[in-house]
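Asker: make a model of this:
(chains A and B)
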2 protein chains.
Amino acid sequence: MRKKLESLREREAIRLLIRIYGRHDFPLGYEDDVAAVPISPRLWIIVKGDMLVRSTDIPPGMTLSEAGRKSIVSTVSDFAAKGVRPKALIVSIGLPRSISTRQLSEIGRGLAEGATEYGCPIVGGDTNESKDIVIDVAGFGYTKPGELVSRRGAQSGNIVAVTGEFGNSAAGLRMLLRKERHGRGAASPVLENAIRRPRARLEEGIRLARTRAVTSSIDSSDGLAWSLNEVARLGRVRVELYNVPVSMETVDYARKHNLSPYDLALYGGEEYELVVTVRKAGWPSALRAVPSLIPVGKVTKGSGVFARIEGRRIRVKPRGYEHFGEIARA
Amino acid sequence: MRKKLESLREREAIRLLIRIYGRHDFPLGYEDDVAAVPISPRLWIIVKGDMLVRSTDIPPGMTLSEAGRKSIVSTVSDFAAKGVRPKALIVSIGLPRSISTRQLSEIGRGLAEGATEYGCPIVGGDTNESKDIVIDVAGFGYTKPGELVSRRGAQSGNIVAVTGEFGNSAAGLRMLLRKERHGRGAASPVLENAIRRPRARLEEGIRLARTRAVTSSIDSSDGLAWSLNEVARLGRVRVELYNVPVSMETVDYARKHNLSPYDLALYGGEEYELVVTVRKAGWPSALRAVPSLIPVGKVTKGSGVFARIEGRRIRVKPRGYEHFGEIARA
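Answerer: So this is what the prediction gives:
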């Protein structure tokens, strides 16, 4: 899934474009989940775009309605990580000439479902003929400057926490790509659902931001390992995981298929949990805000991300999403 | 150009999607150039998205850099029509696997050029693999509620005016599609430039809105005929043109190729002039704001759009862009 450009991979492409666009002096930009544009000392407009392409982003077994919904989840998740409620969406759609009314309706229904779920109406957009189904969702919201949680605030001594367990999306995607049928009573429907019908942690993100106990926040759509490394890099700190938050379903699936559950949890991607760092003194209030918050490690001086896995301390590299193909084919 | 979905044309697709999304209660939406999202009684966020697809929107002879720039012009033009300055852009790009660094740089340079030209930085976006080159530009800005000019305010007695002459884009596109070489001293470079390097009338739109003399405004990217019909339909009025504003270059080109210059001017599209209706008493101030404003007709009671062409009064149908193929192949 998301087979990347071979000659010029996604992050390289983005780096090249950013260099050409030139720096802007807005407080948040390319290196965060969203961009922020100040319009007054008390008000920032928050924006984010996310593009989904059928041939690379929609695995077999996923319906067009699910794809439509997911394209919204993906944008909303970036807002969730910042603690900002998206107010409205613009959805532009590229459609092959061969598309039927039924198929377009299916995409529309999925989009409408996602928009309703997160309370942000679709207020405009464009349609266009294209060779591939392309769904580009741009979201808008606003916030007061002090209320937004960026990616770059982690401090030594903070607690690292996540809003849920990992691995299900990676396992679910592998199932879809290998066209595995799930047996009765198995955990597999959970896995398949994780990839087909993910949820953005919008309410959790907003509640966490309100506590003022969170020093940094990022979503995990590029993979847990990638997100943790971004937190470490941008905060100029080290992250030490004492607990890789693997779901039981992922452990079961990994055992059955002779895979590493840690790889599935760390390097999967397309998971929409939030990864946050929390001031020690603020931990009780963070936990009151989101009781399901899972502590997984701590922030220390240094750099990089390290994890204790089966007794060994390993370095967690900033591999993510882009390399996902390797795991899927493993 | 922009060969539309055959089984389900663009406007039908949009209508279907709007029905599925459901109504929202924002002051401006699908039926205007932009959408407006009120965030306080004194502030509206203004948003607009426009998608460009290589195989349908980029004619032969147009460079990738020009395509990048044009995708920004197209979004900025919608803001221009509302008298609102776009503050920032999000640009998401779909790229075929085969794209080279040079080609991507070219797209990036065109985007950067457009962003600089209209003073609205690119603050974020996404890249993705896709079969086609897709550039989706979402723009946003803000305004006070009373300062925005919608499409639906035309009143009987108003003057209909445009910010420039029409036809050059249609003629230029025909040239590109037919791969005509322009001879020395001919008007053709002007025509080719109109389609390859269009300009959005941002300053003109902002100045016109400030006069408070403008009762409605729309851009002409879907064609002059289409825009005039929208003004008539949404204002529940009739538009009577006493002057179809055809450029001299278009007249020359039409004569040489045995085409109707009026067809090129009315039904072309991809022209980014503004079409406005102005209160009679406000005309002097509108003209002071934009001295190049061309009066072309008047608003009366009734419905539809009529024009006086070579002594005959004809009905100008809401054909536009979608049917452009017919003209291009004529």
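Asker: how about the residue nearest the centre of chain A, secondary structure?
Answerer: With distances taken as Cα atoms, centre = their mean, the residue of chain A nearest its centroid is residue A:221 (2.3 Å). Secondary structure state of residue A:221, per DSSP: H, G, I helix; E, B strand; the rest coil, is coil.
Asker: pLDDT score for it?
Answerer: Model confidence at residue A:221, expressed as pLDDT, equals 92.
Asker: now swap in residue A:129 and tell me
Answerer: 89.
Asker: out of everything not next to it in sequence, what's closest to it?
Answerer: In space, and not counting its chain neighbours, residue A:129 is closest to residue B:56: 4.6 Å by Cβ to Cβ, 6 or more residues apart in numbering or on different chains. Using the backbone N, CA and C atoms, a C-beta is placed for each residue, glycine as well.
Asker: residues near that neighbour, how many?
Answerer: Residue B:56 has 19 neighbouring residues, counting by other Cβ atoms under 10 Å in any protein chain shown.
Asker: and the strands in chain A?
Answerer: A:35-40, A:43-53, A:86-95, A:122-124, A:127-129, A:134-143, A:159-162, A:214-219, A:238-241, A:274-278, A:294-300, A:305-309, A:312-315 (DSSP state E).
Asker: export those to CSV and append columns for mean neighbour count.
Answerer: CSV is the format used below for those (neighbours: other Cβ atoms under 10 Å in any protein chain shown):
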stretch, mean neighbour count
strand A:35-40, 20
strand A:43-53, 25
strand A:86-95, 27
strand A:122-124, 28
strand A:127-129, 23
strand A:134-143, 28
strand A:159-162, 23
strand A:214-219, 26
strand A:238-241, 22
strand A:274-278, 28
strand A:294-300, 19
strand A:305-309, 20
strand A:312-315, 10
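Asker: right, and these - which one's nearest residue A:176?
Answerer: strand A:43-53 (15.4 Å; Cβ to Cβ).
Asker: partners of that closest one in the sheet?
Answerer: Within its sheet, and counting by DSSP bridges, strand A:43-53 is paired with strand A:35-40 (antiparallel), strand A:134-143 (antiparallel).
Asker: what about dumping the CA coordinates of that strand to CSV?
Answerer: Extracted in CSV, the C-alpha atoms of strand A:43-53 (Å, rounded to 0.1, in the frame of the first residue of the first chain):
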residue,chain,number,x,y,z
LEU,A,43,-6.4,34.0,16.4
TRP,A,44,-4.6,31.4,14.2
ILE,A,45,-6.3,29.7,11.2
ILE,A,46,-5.3,26.1,11.2
VAL,A,47,-5.1,24.2,7.8
LYS,A,48,-4.2,20.7,6.6
GLY,A,49,-4.5,18.8,3.4
ASP,A,50,-4.3,15.1,2.7
MET,A,51,-4.6,13.3,-0.6
LEU,A,52,-5.8,9.8,-1.1
VAL,A,53,-5.2,7.9,-4.4
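Asker: let me see the mean pLDDT of it.
Answerer: pLDDT averaged over strand A:43-53 gives 93.
Asker: off-centre distance for that strand?
Answerer: What separates the centre of strand A:43-53 from the centre of its chain is 13 Å, taken as Cα atoms, centre = their mean, to the nearest Å.
Asker: got it, and stretch A:70-85?
Answerer: With Cα atoms, centre = their mean, you get 8 Å for stretch A:70-85.
Asker: how is chain A carved up into domains?
Answerer: Dividing chain A into domains by automatic domain parsing, as the record does, gives the ranges A:10-147, A:159-329.
Asker: nearest to residue B:286, out of those?
Answerer: Across these, closest to residue B:286 is domain A:10-147 (Cβ to Cβ), at 27.6 Å.
Asker: what's the span of the closest one from first residue to last?
Answerer: 31 Å (Cα to Cα, to the nearest Å).
Asker: where are the low-confidence patches of the stretch 151-300 of chain A?
Answerer: A:181-187 (pLDDT under 70).
Asker: quick one: contacts for the residue of it found nearest chain B?
Answerer: When scored by Cβ to the nearest Cβ, the stretch 151-300 of chain A has residue A:221 as its residue closest to chain B, at 10.9 Å. Residues in contact with residue A:221, defined by Cβ atoms under 8 Å, 6 or more residues apart in numbering or on different chains, are A:74, A:77, A:78, A:269, A:270, A:271, A:272, A:321.
Asker: now do the phi/psi pair for it.
Answerer: phi -70, psi -20 (degrees, to the nearest 10).
Asker: on that earlier part again, need the domains of chain A in TSV (columns: distance to residue B:126).
Answerer: Below are the domains of chain A laid out as TSV (distance: least, Cβ to Cβ, whole Å):
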stretch	distance to residue B:126
domain A:10-147	5
domain A:159-329	11
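Asker: closest to residue B:50 out of these?
Answerer: Of the domains of chain A, the one closest to residue B:50 (Cβ to Cβ) turns out to be domain A:10-147, at 5.2 Å.
Asker: figure out how far the closest one is from the centre of its chain.
Answerer: 12 Å.
Asker: and stretch A:132-148, by the same measure?
Answerer: That offset, for stretch A:132-148, works out to 13 Å (Cα atoms, centre = their mean).
Asker: distance between the ends of it?
Answerer: 36 Å.
Asker: where do the helices of chain A begin and end?
Answerer: For chain A, applying DSSP state H gives helices covering A:10-21, A:54-57, A:64-82, A:101-117, A:168-177, A:188-196, A:202-211, A:224-235, A:248-256, A:261-267, A:283-289, A:324-329.
Asker: rounded mean pLDDT for the longest one, please.
Answerer: For helix A:64-82, the mean per-residue pLDDT is 97.
Asker: same deal with the last one?
Answerer: Mean pLDDT, computed over helix A:324-329, is 35.
Asker: give the contact list for the residue nearest to residue A:195 when sequence neighbours are not counted.
Answerer: Leaving aside its chain neighbours, residue A:195 sits nearest to residue A:172 (3.6 Å; criterion: Cβ to Cβ, 6+ apart). When the contact criterion is Cβ under 8 Å, 6+ apart, the partners of residue A:172 are A:190, A:191, A:192, A:193, A:194, A:195, A:196.
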